[in-house]
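Asker: got a structure for you, letters missing:
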């Protein structure tokens, strides 16, 4: 696989998901620990830099959540973000974790407000003008934003990969469903080590 | 729920999915029978016409599959369509089934080539210029095109509903996963009878 | 220019624009005649078939215009389509003209309801899965749908070309503005003969 | 016009366009002065805050322009941005001008890398979840990013307005073309005073 045509997308590695005290950490903590998600993702980005495109895709909202729109427009997942005060711009919770802190080698993809990053962030633009053909996905939650963004990437003609040891869902059951049932319809499921070994 | 702000979207009710001899019928036959998918969807569209917007969303390809693009660009699901000669324009297999044959009350949404209808068909345009706020989903496969299209609808600020007795997946396990695990993150899961009873 | 990475897009070569008795012919007739638009476009598509991708992009609406949405949502150009009964599916006016009648070499891009084809038709999907890098534009109106679709193609990283002798606007002034003022910001303006001569 | 359903979009009010020493100021300086663009836009945003949604849409790039993609993918306008070192993140030139400095009343729309903001920024999401129906446009250049973004807004079913005294093009001729020839196809052209007087 040609590294110049390949990107790894790190979705929502923010304190609110990954760290004790984060607004949504409680729900995903067990699976992060079981999977070694943060340690693996850190290893992945460090080894990938310079070999392929590395993209960080945080989700953020205004502190007032004015960008969440009129009351009742957005559904349960977004309501939960407001209720838990998650992902606010300019706060510790909304910041990317130190382990994956962006360097000048990375591009921070802007604008994510939705589950599927293609529906709000400038991910499609960044991928296509960079002549990318292969896209590997990491992050949170495996069956929500990660799978959702990979679905659109598939539809847009990218070859898609799930780096299974760099993700986490709320439960082992949901993680397993994506790995074994759904993702194989679209692409390959492998560890970050297996993926990086294929890069030229 | 205001019927003028509501649409029901019928995804891929085509002979290739629904009828003996259809290219992909073998895979979904058991679940169609277990769920009563076709009979329920027919009942749903007949009762819904005139009360809310009814949209039929077939997926079709040129007989040459020229619109499938360069070799190897699209992934496993699209390759399977080519291998089984499914969804060709102007063939029996690609046609909408008689039970849901479009009437002048319905709109046929054009252009679907992808899993998520929003990634190719003119669904977003039709919904937004019709001032729609609520969208219910039926069709095939529950966890692939139906869930995928509902995910984007959620992201675009529509209230989303899964009409569980008007869908089918390859297995009961996948159907159950969508009904119980995933869809509740985004919206409501109910029968077509329950949904229609709410329309004003 | 590699023909395998090149597409020519023919926008709205329908009787309603191109032929005596067409709903919108009166407005564009003088410029069609001055430019030789139809004759040039016919020559272009005949010579291009087999050398590059040839895409026909008609705009159509339900005969009821139900796909035009709630009253007053769409603006003046769409209101004019309704008032003149233009572009109805299944009518002579909405049909592609005989001179550019699609052959199995061409792909008919489905779904156009908007000025910029990318906002409703499946053009982006067709172009990207066909590995296209260069896109040339023909059709009606030079400064409305043609320019509008070329603008989005530019934004998506395609190299864009205007085949100036295969277009028409309402006035020579508007045609000239696009050729001399606006299009050079994005790409090249040339005749179809000059463009085809570059194809390998 | 209901202020709760209305947004004013301020495109690229950044030092690189608006201020002596800005990378692109030379080209647009005369028209900014002739039109009073900055003074009018400042007056507009100050009076509009609290009455309708006010959105600032800057265009920015990584200092390395890594988000500009592979060499030669993007066309002349983007090449000019690189050549003049315009719109770099974290620089004076890329910053929004003091006169329109965002307050907590405004939303800064993220992600713009393209001419039409809808092709990269999260503008569509922000507008639709905020239940917006009317969108007025200001900024630079009148016939490039302003017109291009208004075109997509029209296609998405928004009512569109050009605040003619809050824009600037490279030449009076181009400004006049948009005001008199093109924009009336889509919506209304008026001063910011006239527009604000209609808000309820």
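Answerer: That came through, no problem. Just so it is clear, the model here is predicted, and its values are computed rather than measured.
Asker: check which helices and strands the helix or strand hosting residue A:28 sits against.
Answerer: Counting by DSSP states H and E, the element that carries residue A:28 is helix A:25-35. When contacts are defined as 3 or more CB pairs under 8 Å, 6 or more residues apart in numbering or on different chains; DSSP states H and E, helix A:25-35 packs onto helix A:15-18, strand A:159-168, helix A:172-176. Placement of C-beta: from N, CA and C, glycine included.
Asker: how about the helices in chain A?
Answerer: Assigned by DSSP state H, the helices in chain A fall at A:15-18, A:25-35, A:37-48, A:76-83, A:123-129, A:147-155, A:172-176, A:192-198.
Asker: show me what contacts the closest residue to residue A:180 other than its chain neighbours?
Answerer: Closest residue in space to residue A:180, ignoring its immediate chain neighbours: residue A:189 at 7.9 Å, by CB to CB, 6 or more residues apart in numbering or on different chains. With contacts defined as CB atoms under 8 Å, 6 or more residues apart in numbering or on different chains, the neighbours of residue A:189 are A:161, A:162, A:164, A:179, A:180, A:183.
Asker: per-residue pLDDT, the last one?
Answerer: Here the pLDDT value assigned to residue A:183 is 97.
Asker: same check, this time on residue A:71
Answerer: pLDDT, residue A:71: 85.
Asker: next, count neighbours for it.
Answerer: Summarising burial for residue A:71: neighbours were counted as other CB atoms under 10 Å in any protein chain shown, giving 8.
Asker: distance of it relative to chain C?
Answerer: Taking CB to the nearest CB, to the nearest Å as the criterion, residue A:71 is separated from chain C by 22 Å.
Asker: if I look at the nearest residue in space to residue A:133 that is not next to it in sequence, how far off is chain C?
Answerer: Of all residues not flanking residue A:133 in the chain, residue A:5 sits nearest, at 4.2 Å (CB to CB, 6+ apart). When distances are taken as CB to the nearest CB, residue A:5 and chain C turn out to be 12 Å apart.
Asker: cool, residue A:115 as well?
Answerer: Here the distance between residue A:115 and chain C works out to 21 Å (CB to the nearest CB).
Asker: same check, this time on residue A:21
Answerer: Counting by CB to the nearest CB - residue A:21 and chain C are separated by 41 Å.
Asker: need the residues of chain A near chain D, please.
Answerer: Contacts of chain A with chain D, taken as CB under 8 Å from any CB of the partner chain, map to A:62, A:64, A:66-70, A:73-74, A:104, A:107, A:109-114, A:119-122, A:125-126, A:128-131.
Asker: apply the buried test to these and list what passes.
Answerer: Using 16 or more other CB atoms under 10 Å in any protein chain shown as the burial test, these include A:67-69, A:73-74, A:107, A:109-114, A:119-122, A:125-126, A:128-131 as buried.
Asker: ok, which pair from the contacts of residue A:189 is furthest apart?
Answerer: Spatially, the most separated pair among the contacts of residue A:189 is A:161 and A:180, at 15.2 Å (CB to CB).
Asker: between the two, which one's more packed in?
Answerer: Neighbours of residue A:161 and residue A:180, each counted by other CB under 10 Å, are more numerous for residue A:161; the result is 27 against 10.
Asker: residues contacting that one?
Answerer: With CB under 8 Å, 6+ apart as the criterion, the residues that contact residue A:161 are A:134, A:135, A:136, A:137, A:187, A:188, A:189, A:190, A:195.
Asker: okay but the fifth one is in contact with residue A:155, surely?
Answerer: The one in question is residue A:187. No - because the distance of 11.9 Å does not satisfy CB atoms under 8 Å, residue A:187 is recorded as not touching residue A:155.
Asker: for these two, indicate the residue with more neighbours.
Answerer: More neighbours sit around residue A:155 than around the other of residue A:187 and residue A:155, counting by other CB under 10 Å; the figures are 27 against 21.
Asker: distance of the more buried one from chain D?
Answerer: Shown here: residue A:155 relative to chain D, a distance of 17 Å by CB to the nearest CB.
Asker: what's near enough to touch that residue?
Answerer: The contact partners of residue A:155, taken as CB under 8 Å, 6+ apart, are B:114, B:115, B:116, B:119, B:120, B:148, C:125.
Asker: do you know the pLDDT at the closest residue to the first one other than its chain neighbours?
Answerer: Setting aside the residues directly before and after it, residue B:114 is nearest to residue A:155 in space (CB to CB, 6+ apart), at 3.8 Å. Residue A:155 carries a pLDDT score of 97 in this model.
Asker: and residue A:2, how close does it get to residue C:67?
Answerer: For residue A:2, the distance to residue C:67 equals 43 Å [CB to CB, to the nearest Å].
Asker: can you check residue A:43 too?
Answerer: Summarising the geometry, the distance separating residue A:43 from residue C:67, computed by CB to CB, is 51 Å.
Asker: ok, residue A:98 next?
Answerer: Distance, residue A:98 to residue C:67, using CB to CB: 51 Å.
Asker: again, but for residue A:92
Answerer: Distance, residue A:92 to residue C:67, by CB to CB: 48 Å.
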